[in-house]
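Q: Structure here, sequence nowhere to be found:
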């Protein structure tokens, strides 16, 4: 018998005795108390649970190693730790909202009443918005006034929707478990808060410290959470990526924290291509795709899977760094298209066919884009770069860059007579 | 030798009483890792060979740990220090629920108080305005009432004789109070 079983409640012993003797009635009544599901579901399940516990152990309650092994052999893994399962066997398993603590119940009453008030306010505000929308523009005080009033009311409505649910412990628990439904405003709000707490700070720090923000774009205020994956492994903002890992286009996970769908342009720009003639650095566009739909629910974007005849303007080009050149910053920008209107793909494709020295600032001005997300990775010369260069036919694969040696100034005697 | 109880051991440690060779908990000298003469002698020679500090560094005096850090470590690891407060998941959620409800309740209370004050201020404002325009004496009464001359000069409100508190004092007003004589 395991440790935790010995320590658990006497109900466990009762349970096991019952199961060995094959007393289905007691077995059934004790397991039913552990379930939080609805009554109807229990009735449906009761047929399957007629047999004793050791014949069909419950993965949420099993705690003896022998039964666990049997379950694992069947392909069902036990839920949680053995200690937790043993403790659950003896618990009354009351739903969280009905836990019999006076202060807790009083607090729930306060919160529920507040929620009722908020819901009332939401319905009132909705009616108000509908009334304002129904009024003709002249009566409402002109186009501009009506628009600004409606905008303010919509904003307040979104705020109220968040406020109605923010005090719910079940919502908090669900969000912490990662089961939040992103189509609901409260979970989007919580996810946004969490992102802004740490990940966004890191991202902003990396893109500003590595000077991507003044180099590639003059300004970027990220409002979408972007994760980048090469071959299923996540890349932190600013990480060095091996050349052979980045031969295939990355996958993106773009989390939008607003409702509705947005059409975005995705561009990967390298501002560090060495130019030996001018002794400076050039830009190169490694990827450009337009009209990519993102929303709070559908977040995955595979850059290799986007359609070539309606989205991808410039397909992925593997980033390589020549030996001896400083590291290249590969900056990825997610730019929102104006009013989420699709761009004319054929026109864009005809115009943006050159990769070299294509400035993202120009594109931004030309198509009225706004940067809403960014990511960054770096590439440098490593042992796989040569191989990748040969594969993609990089022209200067056999060139190693060297720092120009500066001739020292002619010797001058120190401490000359003028110093004395 | 039977090990001491942790409380006794720590007391012995505080008062530097050499009761046992094997202390139940590290002494202050061990905590701040200063190679004092006593501890160095007490340590077996085998321990010194495994030291990762190089000899020159050690001869120079080693790393001086801040006294404050030593004290923090001492009290953190003291057996009488209570363990950190840990909640289970559900208990934390219950705690959070109560906390949020309390914050909400306080917020509502503050809001009602502010609104009440605002209402009172506006009522007084309206009354003054009525007095100024509606009394029919050209605003004379209003001007008289707004006059602050002599306020707190000739007479001082006795309520301000002591600090304003929410509840009355325990012994009420001390009528027998006289000003202490100054020498």
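A: Great, that's in hand. These numbers come from a predicted model, not from an experiment. Numbering: from 1, shown residues only, chains lettered A, B, ... in the order given.
Q: Scan the chain for its longest helix.
A: The chain I'm using is chain A. Identified as the longest helix of chain A according to DSSP state H is helix A:102-134.
Q: My question was about chain B, not that one.
A: Determined from DSSP H, the single longest helix within chain B is helix B:89-134.
Q: same for that one, what does it pack against?
A: helix A:102-134, helix A:169-176, helix B:140-146 (3 or more CB pairs under 8 Å, 6 or more residues apart in numbering or on different chains; DSSP states H and E). C-beta here means a position set from N, CA and C on the backbone, and glycine is covered the same way.
Q: Which helix or strand lies directly C-terminal to the longest one?
A: Going back to what we said before, that points to helix A:102-134. Remark: after helix A:102-134, the chain's next helix or strand is helix A:137-140, criterion DSSP states H and E.
Q: List the buried residues in that next one.
A: Of the residues in helix A:137-140, residue A:140 count as buried by neighbour count, 16 or more other CB atoms under 10 Å in any protein chain shown.
Q: residues in contact with that helix?
A: Residues outside helix A:137-140 that contact it (CB atoms under 8 Å, 6 or more residues apart in numbering or on different chains) are A:132, A:143, A:146, A:149.
Q: so what pLDDT did the last one get?
A: Among the per-residue scores, residue A:149 shows a pLDDT of 95.
Q: do the same with the second one
A: In the predicted model, residue A:143 carries a pLDDT score of 92.
Q: Quickly note the distance from it to chain B.
A: As judged by CB to the nearest CB, to the nearest Å, residue A:143 and chain B stand 35 Å apart.
Q: sorry, back to before: average pLDDT across the longest helix of chain B?
A: On average, the pLDDT along helix B:89-134 is 96.
Q: next one: stretch B:55-71
A: Average pLDDT, stretch B:55-71: 82.
Q: Tell me the buried residues in it?
A: residue B:70.
Q: End to end on it, go ahead and measure it.
A: 27 Å (CA to CA, to the nearest Å).
Q: Checking residue A:288 next. Helix, strand or coil?
A: The three-state label given to residue A:288 by DSSP: H, G, I helix; E, B strand; the rest coil is strand.
Q: what about it, neighbour count?
A: Per other CB atoms under 10 Å in any protein chain shown, the neighbour tally for residue A:288 reads 23.
Q: do residue B:172 as well
A: Residue B:172, neighbours per other CB under 10 Å, totals 7.
Q: Can you tell me, leaving aside adjacent residues, what's nearest to the residue of chain B found nearest chain A?
A: Distances between chain B and chain A by CB to the nearest CB are smallest at residue B:101, namely 3.4 Å. If the residues on either side of it in the chain are set aside, residue B:101 comes closest to residue A:107, at 3.4 Å by CB to CB, 6 or more residues apart in numbering or on different chains.
Q: and the one you found, how far is that from residue B:94?
A: The spacing between residue A:107 and residue B:94, counted by CB to CB, to the nearest Å, is 8 Å.
Q: before we move on, what about residue A:141?
A: Distance check for residue A:141 against residue B:94: by CB to CB, it reads 50 Å.
Q: More neighbours: which of those two?
A: residue B:94 (21 against 12).
Q: so how far is stretch A:333-347 from its chain's centroid?
A: Put simply, stretch A:333-347 sits 22 Å off its chain's centre (CA atoms, centre = their mean, to the nearest Å).
Q: buried stuff in it?
A: Buried residues in stretch A:333-347, counted by 16+ other CB under 10 Å: A:333, A:334, A:335, A:336, A:337, A:343, A:345.
Q: From the opening residue of that stretch to its closing one, how far?
A: Start-to-end span of stretch A:333-347 (CA to CA) is 21 Å.
Q: which among the contacts of helix A:137-140 end up buried?
A: Counted by 16+ other CB under 10 Å, the contacts of helix A:137-140 give residue A:146 as buried.
Q: between the contacts of helix A:137-140, which is closest to chain B?
A: Lowest distance from chain B to these (CB to the nearest CB) belongs to residue A:149, with 24.6 Å.
Q: can I assume the closest one is in contact with residue A:132?
A: Yes: taking contacts as CB atoms under 8 Å, residue A:149 lies within contact range of residue A:132: 6.4 Å.
Q: so what's whichever residue of chain A sits closest to chain B up against?
A: Nearest to chain B in chain A, going by CB to the nearest CB, is residue A:107, at a distance of 3.4 Å. Counting by CB under 8 Å, 6+ apart, residue A:107 touches B:97, B:98, B:100, B:101, B:102.
Q: Considering those, which possesses the most neighbours?
A: Ranked by neighbour count (other CB under 10 Å), those have residue B:97 at the top, with 26 neighbours.
Q: Show me which residues of the stretch 51-200 of chain A sit near chain B.
A: Applying CB under 8 Å from any CB of the partner chain, we find that the stretch 51-200 of chain A lies next to chain B at A:96, A:99, A:101, A:103-104, A:106-108, A:110-111, A:114, A:167, A:169, A:172-173.
Q: that older thread, now the buried residues of stretch A:333-347 in a markdown table, please, with extra columns for pLDDT.
A: Converted to a markdown table, those look like this (pLDDT from 0 to 100):
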| residue | pLDDT |
| --- | --- |
| A:333 | 97 |
| A:334 | 97 |
| A:335 | 97 |
| A:336 | 96 |
| A:337 | 96 |
| A:343 | 95 |
| A:345 | 96 |
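Q: What values do phi and psi take at residue B:150?
A: phi 80, psi 0 (degrees, to the nearest 10).
Q: Against residue B:156, how distant is it?
A: Relative to residue B:156, residue B:150 is positioned 11 Å away (CB to CB).
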